[in-house]
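Peer 1: Build me a structure from this.
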Amino acid sequence: MPSSNEKRSKSAPSNGFEENELLTRVLRSFPWFTDVALRNSDITLAVQRPPLESTAYETLISTLIKNIRQHPLSGPSSPVGWVQDHLSEKGTFRPSVFKSNERTSRLASYLLEYRLLDVVMALDIGFSSYSRLERQAIPIPPKMYFSLFSDWPSLLRNGLELLRQVEWQDTAGICVPGSCDQTATILLSLARRSASIEAHNILSNFEAAAGYLSLISKGLAELPSTMLEFKSFLIRVTNDTFPEQWDNLMRSLKSPHSFKLPLQLSLGFSPICLFLLSNLITKDLNRGTILQMWQGIGGVPPSILATINREMWAALCDMGLGLHPPIPRLQVLFRRLEDMINFTLISPADASWLSGGPPPSPSTVSDGDPGISSLAAPPIVTETNATNGIVGQVGETNEPVPRAPSANAPSAPSKTNVVSGAGRKRTPSTAGLDSALDVSVKRKRVGSLPEEGSLPEGGMITEVIDLTIETAGYPTITTYLRNVSNSELQTFASRYLYEEEAVWHNNIANAMLGHPAHPFEIGVSFQEVNSELFRSPAQAQSVLNKGHLVFQGVVSGDVPAFDEAYLGTFAALDQVRDILDFAEYRGERRVAHGTLRQVIQAARSDNPYVLQAPDVPSSSIAHLPAGISSDLVAWDLTIDQPWCRRHREKPRSLMLWVTVSLKGAYTPFKIPDNGFGLFIRVSFGSQWIVVARPEDPSPGASARLSYLNHFQRPGLDLDLSSLQLDTFYARSGTCVVLQPNTPYAVIASDNSICEMGYYMATSTLRRTCYGFLHSFATLPLDHNPTHDVAWTILCRLVHYYHMIYTGGVFSSNPHECAHVPNILNPTGLLDLLSLINIIELAEVLNYARYFVADGGPPDYRSRHILEVRRLSRDIVKWLESHLNLRTEGGRPLGLTTDIWHPYIARQLKATMYHAAHNESKSTGSVTPDKMRRLIRQVYSETSGVRIQLERLNAWVPDSFEWADIVPFTISLVAS
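Peer 2: Modelled structure (predicted):
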């Protein structure tokens, strides 16, 4: 009997490879773009591949063929052989097979090289779908926000919006002509990316994928195993003479192995994963999970997905092979994706095609399932021609294809979950508000709710009807609003479809009864647009410190119209965005997709909708004057200081936006996050603006935790009994400036356009710091998108204050320093210490320390914390050397021991208490236990902060304000 070696020798093909039945079975258990991998296990492409239409990819194909020929995929000791017992009859892997070990990684690397060859061949001969299995369950990788793939169009759209805002050239790799090639250009650009910018994480993913592809094309697929060796490898490959510029990349990498992850995950799943906001090279993922994900996407995908895959793979290969410069090629790709994809026409079934789920278990994946075609059967083949995936085209699905949006209204939601990405979330969330009133109707004909079973077949009524006659049986709220500038009586009759909305409005109106005709006489200052406040920072800060500001004026020049020409000056009219449709009940169904042009056209219809386009980014909004906005002054005057370089631009898109509302649209009560002050400039139409304040007029009442908890869940069921409401009528030309931590609601009394934005002012700095602590304690990370923006601006204020104080500017002329706290009185000193507290607690107030193991590698923020904390402590030292503090009885006080450390401890305990109170309400928010652990890490037992915390053991916080501080006086140290 011949030996096993002789058998293998006789059965080996003439090219030196063994026909391996198991490998063939494994390869046929994956979906492919071409049939190359399904022909035979050894893939002898040198003689069997079809003629290529171009030779652009010949080098890469030859390299991949060479690599594949060297794979030891045959025999019992091969990485394929050991999985034989873990394959079901239909070829899927059981989850238990994939443990994180070297054999799993080798198997995945080998099979993914087959996949890369499949991709490159498809770019030449066309993308098709070859799959012997239908769509399977897809495992969800941890710590990558992979759940966003439940609605991949929203993930893609959010990424494209972020990329439009990025400064493209600020970190592009710089090579001296003749000294480096395409590989070096990509890798050097990757090394200079900033982890603190979300769009840079996306670009890092693309550059890492293209960079590794470039290395593969040069025969450098195997990477060194240690970080030191990998750094030397990169320096050698790029011919770089500045090794220190790789330090940032080395700190970001989880391991040299993780550098491969962006490309490998793209191969095994979809290149759309590169749009995840996670920087994938900082992650580690069991490569067996990638193989299971690859098997999971079997079946016939939507044709629009095939088109996107083709476009993205073409761009990655063009970059990796040096066919086009990297940055311009990415710009072309992103523009093409924006132009070719009509997100409103992607059906829910297609949008959820890539959604993850639990991996199939033995109980759900049975061997010998009669519904699965055998491996001997021909593969499922769907040809995809060059025109697939153009705008509006969707894949084959059982779901009806939505019609194009009408001229009158936005389309219904085309996604299963509204993803707020990394983008802004300033508008009140309408998700998760369950009620018995929630019914499955598109538009109701009568005011009363339909009885169960009264809906037509399908549960949808799509006729457009007049909302003003839908409120039969509900109260019609008529509110008389007095224009404070000329006492002209204005009448606004609001009508609502849902009873609770009418009740909410009625409660606000009742709460206003008995108020003076000028309800803002308390806590507000009315100013003309050309007032001195626009020219005098000192006066502006003084007036803002006392209350809200209302600038009254009129629109100069021709009166604009609510039309396409005027609205087009603020934003693109045909860009698809989220639109709130108030004919829908509160919740996710209220969020539709449409354009600003459709909102304008809906306003002209005989049966108008009540629509609102919130949070529309706009580059044409004018910020508040510099006399009010200390953040503008601090930003501009510290440019080119260390850590304040020009390429770190002010995050304008997260701080300025437009809200377009049709009459009757509203925003329920909410507090701007992270201590920002808010301004509302009515550019067209009119608004009813309602501002809440505590009924208790004592100082510091707005910083009480019980008061702030009132507004934790924005909605219509707010208890108004303990609040004082102020309201007024704001016409075109009026600008309202609200102090930080101010609850507000807005109701459109006419079709209107409002420019809105955030600001920070030195005179309200303490309220800002309280708001920052409040948001951190109560909001989970994914619901607090402006946290990093607020942190960045607070740091910039520290840079500015340090320059003014320690540079001698304040000492020489304090009256000209309107944008720094006046430390010569106790109020100003506590304002400054409130900010220094935020900086001193930066590690405790850093989300990354709670949700990344051991805090993760040091990112830009972690390094900046060290610098800005050094500056804040310099300020404290300067204060100690320049100020004498005494009680009113004359006893000397130590700034650090008697005021600063006790103040930090009180705010820290109040934040922990606040987090504990809201822990059950906000899944994923900061917890007191994690906060205590970080405090122990940051502060030693003998530190002043820990000592002061121990003294507060019996204290139950009720406010961020230090209400019972011992009164003290301040004088300058005699020079």
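Peer 1: Determine the number of other residues adjacent to Pro967.
Peer 2: Neighbours of Pro967 under the rule other Cβ atoms under 10 Å: 8. The C-beta positions use only the backbone N, C-alpha and C, and glycine is treated the same way.
Peer 1: ok, it - contacts?
Peer 2: Counting by Cβ atoms under 8 Å, 6 or more residues apart in numbering, Pro967 makes contact with Pro826, Thr887, Glu888.
Peer 1: Could I get the contacting residues of Arg951?
Peer 2: Arg951 neighbours (Cβ under 8 Å, 6+ apart): Ala905.
Peer 1: pLDDT below threshold where in the stretch 551-700 of the chain?
Peer 2: Along the stretch 551-700 of the chain, the model assigns pLDDT under 70 to residues 553-558, 588-589, 647.
Peer 1: any idea where the strands of it begin and end?
Peer 2: Ranges of strands within the stretch 551-700 of the chain are 577-581, 591-594, 611-617, 656-661, 666-670, 677-684, 686-694, based on DSSP state E, counting those that start in this stretch.
Peer 1: same deal with the stretch 51-200 of the chain?
Peer 2: Going by DSSP E, counting those that start in this stretch, the stretch 51-200 of the chain shows strands at 128-131.
Peer 1: Rounded mean pLDDT for stretch 182-192, please.
Peer 2: What stretch 182-192 shows for mean pLDDT is 83.
Peer 1: Would you check that Val926 makes contact with His917?
Peer 2: No. With contacts defined as Cβ atoms under 8 Å, Val926 does not count as touching His917, sitting 12.0 Å away.
Peer 1: Comparing those two, which shows the higher neighbour count?
Peer 2: Using other Cβ under 10 Å as the criterion, Val926 and His917 rank with Val926 on top: 28 against 18.
Peer 1: Quick check: closest non-adjacent residue to that one.
Peer 2: Nearest residue to Val926, sequence neighbours excluded (Cβ to Cβ, 6 or more residues apart in numbering): Ala915, at 5.1 Å.
Peer 1: The helix or strand hosting that neighbour: how far from the chain's middle?
Peer 2: Using DSSP states H and E, Ala915 maps to helix 901-918. Relative to its chain's centre, helix 901-918 lies at 27 Å (Cα atoms, centre = their mean, to the nearest Å).
Peer 1: Okay, Arg251 and Ile197: tell me how far apart.
Peer 2: 16 Å (Cβ to Cβ, to the nearest Å).
Peer 1: Have a look at those two and say which one is more surrounded.
Peer 2: Taking other Cβ under 10 Å, Arg251 and Ile197 do not tie; Ile197 has more neighbours (22 against 16).
Peer 1: pLDDT wise, what is the more buried one at?
Peer 2: 76.
Peer 1: Could you check the pLDDT of the residue lying closest to Asp35 once chain neighbours are set aside?
Peer 2: Leaving out its chain neighbours, the residue that sits closest to Asp35 by Cβ to Cβ, 6+ apart is Tyr130, at 5.2 Å. If you check Tyr130, the pLDDT there is 75.
Peer 1: Bridged to Tyr130, which residues?
Peer 2: Trp32, Val381 (DSSP bridges).
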